[in-house]
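Student: Let me see the structure of the following:
(4 chains)
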Number of protein chains: 2
Amino acid sequence: MMPTPERTVDVPQDFEALKAVILERKAQLPKRLKQVAAYSLDNPDEIAFGTAASIATSADVQPSTLVRFAQHFGFEGFSSLQQIFRARLRERTPGYEERLKALSQNEHSKLESGSIFNGFVAAAHRSLDNVATSVDPEAFERAVDILAKADTIYLIAKRRSYPISSYMAYAFGKLKVKYQHVGTAAGIDDDMLAMATKQDAAFAVSFSPYASESASQARSLASRRVPVVSLTDSAFSPLAESSKVWFELVEADHAGFRSLSASMAFAMALTVAIAEKRQRLADGGGPIE
Amino acid sequence: MMPTPERTVDVPQDFEALKAVILERKAQLPKRLKQVAAYSLDNPDEIAFGTAASIATSADVQPSTLVRFAQHFGFEGFSSLQQIFRARLRERTPGYEERLKALSQNEHSKLESGSIFNGFVAAAHRSLDNVATSVDPEAFERAVDILAKADTIYLIAKRRSYPISSYMAYAFGKLKVKYQHVGTAAGIDDDMLAMATKQDAAFAVSFSPYASESASQARSLASRRVPVVSLTDSAFSPLAESSKVWFELVEADHAGFRSLSASMAFAMALTVAIAEKRQRLADGGGPIE
DNA sequence: GTCGGGGTAGAATGGACGTTCCATTTTCCC
DNA sequence: GGGAAAATGGAACGTCCATTCTACCCCGAC
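Tutor: Predicted coordinates:
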């Protein structure tokens, strides 16, 4: 009989390790065990809370298969494997709602401004969460493509959107990407835009209530076949119709003041992605490929 | 005998509701049940995962007390109360690390720009998390106080910080707070600042590498007893020494590009808090109180 | 002082749980 | 195609669980 104690050393001790091991050995697992492997990674919460019997039914295997599965990975039985799944829920970093709730319970009661501060942080978190799922990566790729190929990038933004374009202007400067910042000094904007050609491109940002200037400038550029990429907050935005690619980005708000965090993160990502693509186009733009 | 069905209507169905009910009735609970109430709110995870026996030991009561506790709140038995605690963990919004990990597993492999995008969103989240804990609410309160009492607020920011002050300028305009935006057109800045008096105040933003102008402007204002509030990224910032209140805010970065999300959220909160305090000062500034 | 009733502890109970075992089926190698 | 080894299904088992029940205790009312 083989002594058991030494086996315990390489048993996964946390969920990530377990997941890695399962994934690694999944292919070589027998049919039923593979079934359990798939189920366990797809429904970790069920494993954490369910009973062997209920999980077995749900995964369409026998309870004994669960035990064998656990033992295959070095656990003593199903129960000890289940501990890993429970620990995962215990230790999971709490959602920011909870973190901020905890925060506001501590600080907010002390000082009124604290709640304002927490409110904006929370709104920013929500916005970022939203943008992470709502931006279509393919559209993003197309936008990067258009702007990376442009000779000069025209940045169009007024009022609330202006901080975004001014960041991009700063970053483009650092990254040596040719740009024109439209919206700075009134009057010369249209003259500036009149010089744009098909070889250029524009990036326009406008949120409701839409600045009519931005819309008409975008329209004018589009009519002269200058490609326009835009960032706005609604499909009905006047910018959308003039744009080759456009992104809908709804910022969360606190007390009616909309966050800019998601737009900012988007702008940074776009800026860096453009610069990076330019780099590659410049390097690979020669004879090869 | 009283029919049971109607009792089920006011049984708490989620953790928040349960918590509220427990808190509400806690004071009037018998000794042992109060003990359980305290334990359950302090160790919700234990309730979720433990067995009645283990929880009873840990809370230093009898298992039967747990059952009575559950029944006191309208549950059929301890197990159904436990479901509430389990659901709480199940439905807890996952940490954004997990969300983004999941996201990047889907999208990133498809498109390279996706990873840039996700990276910036993640950096922004991290920044926000950091700022939520690092900003001292009392310092924030003092900053609000100084700036709310100022006649004119001078906004000082260059380069990377400029988008932040330009947002504040926009918002102050909307909120009818008198301000001067320093850093727009070169040359007239110092003339503008020369007009500042003790009745005014300044808000300066500068991150490393610090713009020497911003530092010297802040120093000049401070020497003339114009109160300065500043936002910077290090205790060694030249701004700190000139400031009555200053905030250290370290932004997370992705690929070397620092986020602006936390600074932006901070700026928004400060702006709105100032405006709100001004409102109150104006209203309550009269005879009463 | 004792009576009554809510509160509690702890043993009793019945059911469900994880696990084990073995007969059967499947897989793969000779 | 036969046979051994691995994999599987399903029943059996002993344990531990949540719950119930009953006796006891405490504490205020009369």
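
Student: how about the residues of chain A that lie near DNA strand C?
Tutor: A:31, A:51-54, A:63-64, A:66-67, A:70-71, A:76-80 (CB under 7 Å from any atom of the strand). Glycine gets a C-beta too; all of them are placed from N, C-alpha and C.

Student: what's next to stretch A:64-78, contact-wise?
Tutor: A:7-8, A:10-12, A:18, A:21-22, A:29, A:32-33, A:36-37, A:40, A:52, A:55-56, A:59, A:63, A:80-81 (CB atoms under 8 Å, 6 or more residues apart in numbering or on different chains).

Student: on that earlier part again, from the residues of chain A next to DNA strand C, list just the buried residues.
Tutor: The neighbour-count criterion (16 or more other CB atoms under 10 Å in any protein chain shown) marks A:52, A:66-67, A:70, A:78 among the residues of chain A next to DNA strand C as buried.

Student: any idea which of the residues you listed is closest to residue B:122?
Tutor: Nearest to residue B:122 among these, counting by CB to CB, is residue A:70 at 33.8 Å.

Student: Output the host helix or strand of the closest one as PDB, nothing but the C-alphas.
Tutor: Using DSSP states H and E, residue A:70 sits within helix A:63-72. What follows is helix A:63-72, C-alpha atoms only, in PDB (Å, rounded to 0.1, in the frame of the first residue of the first chain):
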ATOM      1  CA  PRO A  63     -22.100  11.200  -7.200                       C
ATOM      2  CA  SER A  64     -19.300   8.600  -7.100                       C
ATOM      3  CA  THR A  65     -17.900  10.200 -10.300                       C
ATOM      4  CA  LEU A  66     -17.500  13.400  -8.400                       C
ATOM      5  CA  VAL A  67     -15.500  11.700  -5.700                       C
ATOM      6  CA  ARG A  68     -13.300  10.000  -8.300                       C
ATOM      7  CA  PHE A  69     -12.800  13.300 -10.000                       C
ATOM      8  CA  ALA A  70     -11.600  14.900  -6.800                       C
ATOM      9  CA  GLN A  71      -9.300  12.000  -6.100                       C
ATOM     10  CA  HIS A  72      -7.900  12.200  -9.600                       C
END
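
Student: is that helix anywhere near DNA strand D?
Tutor: Yes. Helix A:63-72 reaches DNA strand D (CB under 7 Å from any atom of the strand) through A:63-65, A:68.

Student: of all those, which comes closest to DNA strand D?
Tutor: residue A:64 (3.1 Å; CB to the nearest atom of the strand).

Student: Just the pLDDT for the closest one.
Tutor: Note on residue A:64: pLDDT of 88.

Student: again, but for the one 4 residues further on
Tutor: For residue A:68, the model assigns a pLDDT of 88.

Student: Same check on the one 4 residues further on?
Tutor: Looking at residue A:72, its pLDDT stands at 86.

Student: What is the burial count for it?
Tutor: Residue A:72 has 16 neighbours, counted by other CB atoms under 10 Å in any protein chain shown.

Student: Distance check, it against chain B.
Tutor: Between residue A:72 and chain B the computed distance is 24 Å (CB to the nearest CB, to the nearest Å).

Student: quick one on the thing from earlier: may I see the residues of helix A:63-72 next to DNA strand D organised as TSV, with distance to residue A:205 added?
Tutor: Converted to TSV, those look like this (distance: CB to CB, whole Å):
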residue	distance to residue A:205
A:63	58
A:64	60
A:65	56
A:68	58
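
Student: which residues of chain A score low on pLDDT?
Tutor: A:1-10, A:92-113, A:184-187, A:283-289 (pLDDT under 70).

Student: re earlier: return the member of the residues of helix A:63-72 next to DNA strand D nearest to chain B.
Tutor: Nearest to chain B out of these is residue A:63 (CB to the nearest CB; 18.9 Å).

Student: so that closest one sits right up against residue A:52, yeah?
Tutor: Yes. Using CB atoms under 8 Å, residue A:63 is in contact with residue A:52, at 4.6 Å.

Student: Let me see the ranges of the strands in chain A.
Tutor: A:153-157, A:179-182, A:201-206, A:228-232, A:245-248, A:253-254, A:257-258 (DSSP state E).

Student: between those strands, which gets nearest to residue B:119?
Tutor: strand A:245-248 (17.5 Å).

Student: So which residues of the stretch 101-250 of chain A form helices?
Tutor: In the stretch 101-250 of chain A, the helices defined using DSSP state H, counting those that start in this stretch lie at A:112-134, A:137-149, A:162-175, A:189-194, A:212-223, A:238-242.

Student: Name the residue of the stretch 151-289 of chain A that lies nearest to DNA strand C.
Tutor: For the stretch 151-289 of chain A, CB to the nearest atom of the strand, closest residue to DNA strand C: residue A:252, 41.1 Å.

Student: So that residue sits against residue A:258, correct?
Tutor: Yes. If you go by CB under 8 Å, residue A:252 and residue A:258 touch, sitting 7.3 Å apart.

Student: biggest separation within the buried ones among the residues of chain A next to DNA strand C, which pair?
Tutor: A:52 and A:70 (9.6 Å).

Student: At the contact with DNA strand D, which residues of chain A appear?
Tutor: Close to DNA strand D, as judged by CB under 7 Å from any atom of the strand, chain A has residues A:30-33, A:61-65, A:68.
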